[in-house]
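Trainee: Here is a sequence together with a model predicted from it:
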Amino acid sequence: MKLLTIAASFDQEITDRSMDNRSDIWRGVDTIKARFIDLSDRVWGMPEVCYTEARSAAEHLAELRHQGFRITENVAGIPTAVMGEWGEGGPVIAFMGEYDALPGLSQEAGVAEHRPVETGGHGHGCGHNLLGSAALLAATAMKDWLAENKVPGRVRYYGCPAEEGGAAKAFMVRSGAFEGADIAITWHPHSFWEVAVTPSLANTRADFIFTGRTSHAAASPHLGRSALDAVELMNVGVNYMREHMPSDARVHYALLDTGGIAPNVVQAHARVRYSIRARDLPGMNELVGRVSKIAEGAALMTETKVEMKIISAVSNILPNTPLEQALHRVMEELGPPHFDDADKGFASQIRATLSDKDIASVYYAIGMEPTDRPLADFLVPLDAKRNPLVGSTDVGDVSWVVPTVQVHAPTVAIGTPFHTWQVVAQGKSGHAHKAMVQAAKAMAGIGIKALMDPELIKAAKADLQKRTAKTPYVCPLPDHVAPPLTMSVA
Ligand SMILES: Nc1ccc(C(=O)N[C@@H](CCC(=O)O)C(=O)O)cc1
C-alpha cells in the first residue's frame, strides 16, 4: 500500500487509497504476466477435453506450487480439479479458471483459414487456455499484493475441468469445495469488454438408453423390436413438444449409439443424449419430466425398454448487482486492452472469414448497431439494451452459493462465433494475450476492492440471500450421479 499524500476528506482518502491498491496490483500483473501467457500457450498446445485434462491440470498445479499456494488435489474426487489457497485470516477471494478443450476443433494458430493441426484432433475453441491462465494470474497478483502489504486475507484459485458438458463446478459445489469463499470471480473470452450480465440456462444432459430384441430384418421382422425405431420416435415426439415449451428453453440431442451398421439386423440397442435447458431449475426439471415421458411413450410404442441416465447438470447463473456495479467501475478505470496494428491486422483477416450475420449477431446481443472495428476498444455500458443469446455454464452453480461476478474480455475479432476454428486460430494471438492480461487486471482489481471493502462483500451476500430467499439452491445433480469422468472416452 502506498502512503497517502493528498487526502482532502475521509471519503476522498478511501477512494484514493483503493485506486492506489488497484494501480499497484495492475503493475504486479504486468510484472509477472509473461509466465502466464506462456502457460496459456502451452495449454493451447495440449488440448484435452472433458475430464481428460491431465497435462493441463498438471501445468496449473505446477504453477500453484511454484507460487507457494497450499494445494488441494483431486477436488470432489475429480483427478483434474485442483485448488490452491494462500494467506491467513481476512476475507476469502476465489478465482475460478478452466482449461478444457473441445473435440474436433484442431486448428493452427495465427492463420485465417481452416487448417487443422491434426485431423479430428481437439482444440481450444472456447478459449479456456486463456481463461484458466488469466484467472491464475489474477490470483497470483493478488497473493503477491497481500504478501507485500502484509494485509490479512486469503486468495484461492480453483482449477476447474470439464466446463464443456461435464458440470465439474456443480460437482465441486456439491462436495463443499466452495465453502468459506466470500466472493467468486471469473471471466470468459468474448468479442467485447464488459461485465458479464447475461443470464445462462440451467441444463441437464441425460442419456436415454433403449433396449429391444434383435432379429433377422427380412426373415423374422415380426420377432424383432427396434431400439433405433424407439430413438427416432422419441426424437419426433420431442420435436412436436418444441411448439409447446417456453420460447427461451432449448432441447437438443446427439445420437451416441444407433444400434449397429447392418440394416438387416433389427437394432436391439440404441442411445440418444439429450441436453435439456431452461431459464431456471424448476423450468428445466419440468422439461426433463416431459422429455422422459416422451421416451417412455416411444418405448411403449415399440415394445422396447428405456432407461434414463443423468450425466451432468448445471444451474442458471444468479446475477449479483453490487458486484457487477463495482466491477463495472473497475473496468471503466482500467479501460479496454490497447491493441496495436498487428493485432488489428490479424483480427481483420479473421473478420473476413465471418459472415455479416455473425458480426450483426454479437452486436445485437449488446443492443448496438454493427461497426467496422475488428476488435473491441470500448466498454459496453452496464445498462445496454441487451438481447442475450445464451448458453449454459457450471459457473451457475457457484453463483447460487457464493456471490459471483464475471468479466468478458475481447480475445477474438468481433463476431467470432465460439466453438469454431476461428477461436482456436486466435488462441495464441497478440490480441488474445492482451485481452487475457486485461481480464486478469479486472479480476484482481475487483478482488482487491472486495478484500479491502467489507461493505461490498456484505452487500454482495445480501443480494445473494435476497435472490435465494424464496428458492434456495437445490443441486440439479441427483445424489447418485458421480462426475462422468469417462464421458468423453465412452
Ligand atoms: N461464457 C460462456 C460460457 C459457456 C459457454 C458454453 O458454450 N457452454 C456450453 C456448456 C454447457 C453446460 O455446461 O451445460 C454450452 O452452453 O453448450 C460459452 C460461453
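Mentor: All right, it came through fine.
Trainee: hmm, stretch 179-191 touching the ligand?
Mentor: Yes. Counting by CB under 6 Å from any ligand atom, the ligand has neighbours in stretch 179-191: H188. In this view, the C-beta of every residue, glycine as well, is placed from N, C-alpha and C.
Trainee: Wait, a strand at L382?
Mentor: No. Assessed with DSSP: H, G, I helix; E, B strand; the rest coil, L382 is coil; it does not lie in a strand.
Trainee: was I right about it contacting P319?
Mentor: No. Using CB atoms under 8 Å, L382 is not in contact with P319, being 11.1 Å away.
Trainee: which residues are common contacts for these two?
Mentor: V197 (CB atoms under 8 Å, 6 or more residues apart in numbering).
Trainee: Looking at those two now, which is surrounded by more residues?
Mentor: Neighbours were counted for L382 and for P319 using other CB atoms under 10 Å; P319 has more, 20 against 16.
Trainee: what's the nearest residue to that one if we skip its chain neighbours?
Mentor: Using CB to CB, 6 or more residues apart in numbering and skipping the chain neighbours, the partner closest in space to P319 is V197 (6.2 Å).
Trainee: Surely the one you found forms part of a strand?
Mentor: No. Read with three-state DSSP, V197 is coil and lies in no strand.
Trainee: correct me, but it touches E324?
Mentor: Yes. Counting by CB under 8 Å, V197 touches E324, with 5.9 Å between them.
Trainee: which one of those two has more residues nearby?
Mentor: Using other CB under 10 Å as the criterion, V197 and E324 rank with V197 on top: 21 against 18.
Trainee: Pull up the residues of the stretch 101-250 of the chain that are close to the ligand.
Mentor: Checking the stretch 101-250 of the chain against the ligand by CB under 6 Å from any ligand atom, the hits are 126, 163-165, 167, 188, 203.
Trainee: any common contacting residues for V197 and E324?
Mentor: Common neighbours of V197 and E324 (CB under 8 Å, 6+ apart) are L382.
Trainee: and the one residue in the stretch 351-490 of the chain that gets nearest to the ligand, how many neighbours?
Mentor: With CB to the nearest ligand atom as the measure, G391 is the residue of the stretch 351-490 of the chain nearest to the ligand, at 2.6 Å. Look at G391: counted by other CB under 10 Å, it has 13 neighbours.
Trainee: got the residue ranges for the strands in this structure?
Mentor: For the chain, the strands defined by DSSP state E cover 70-73, 82-88, 92-98, 153-160, 183-190, 194-195, 202-211, 250-257, 269-278, 305-314, 404-410.
Trainee: Output the contacting helices and strands for the shortest one.
Mentor: Helices and strands in packing contact with strand 194-195 are listed as helix 321-334, strand 404-410; criterion 3 or more CB pairs under 8 Å, 6 or more residues apart in numbering; DSSP states H and E.
Trainee: make it 7 Å
Mentor: Applying 3 or more CB pairs under 7 Å, 6 or more residues apart in numbering; DSSP states H and E, one finds that strand 194-195 makes contact with helix 321-334.
Trainee: for the helix it packs on, which positions count as buried?
Mentor: 321-324, 326-328, 330-331, 334 (16 or more other CB atoms under 10 Å).
Trainee: What of stretch 463-478?
Mentor: Quick answer for stretch 463-478 (16+ other CB under 10 Å): 463-464, 467, 475-477.
Trainee: what's the burial count for the closest residue to the ligand within the stretch 1-150 of the chain?
Mentor: Nearest residue of the stretch 1-150 of the chain to the ligand (CB to the nearest ligand atom) works out as C126 at 5.9 Å. Using other CB under 10 Å, C126 has 24 other residues around it.
Trainee: Next, the contact list for the residue nearest to A313 when sequence neighbours are not counted, please.
Mentor: The spatially closest residue to A313, leaving aside those adjacent along the chain, is P476, at 3.7 Å (CB to CB, 6+ apart). If you count contacts by CB atoms under 7 Å, 6 or more residues apart in numbering, P476 has them with 170, 202, 204, 281, 313-315.
Trainee: if we can go back for a sec, take the strands of the chain and write them to a markdown table, including mean pLDDT and mean neighbour count.
Mentor: Formatted as a markdown table, the strands of the chain follow (pLDDT from 0 to 100; neighbours: other CB atoms under 10 Å):
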| stretch | mean pLDDT | mean neighbour count |
| --- | --- | --- |
| strand 70-73 | 98 | 14 |
| strand 82-88 | 98 | 21 |
| strand 92-98 | 98 | 26 |
| strand 153-160 | 98 | 27 |
| strand 183-190 | 98 | 26 |
| strand 194-195 | 98 | 26 |
| strand 202-211 | 98 | 23 |
| strand 250-257 | 97 | 15 |
| strand 269-278 | 98 | 23 |
| strand 305-314 | 98 | 19 |
| strand 404-410 | 98 | 28 |
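Trainee: Out of these, which gets nearest to D372?
Mentor: Evaluated over the strands of the chain, closeness to D372 peaks at strand 404-410, with 15.2 Å, by CB to CB.
Trainee: Parallel or antiparallel, which strands does the closest one pair with?
Mentor: strand 183-190 (parallel), strand 194-195 (antiparallel) (DSSP bridges).
Trainee: Show me the one of those that comes nearest M308.
Mentor: Comparing these by CB to CB, strand 183-190 comes nearest, at 31.1 Å.
Trainee: remind me which residues of the stretch 251-400 of the chain are low pLDDT?
Mentor: By pLDDT under 70, the stretch 251-400 of the chain has no low-scoring segment.
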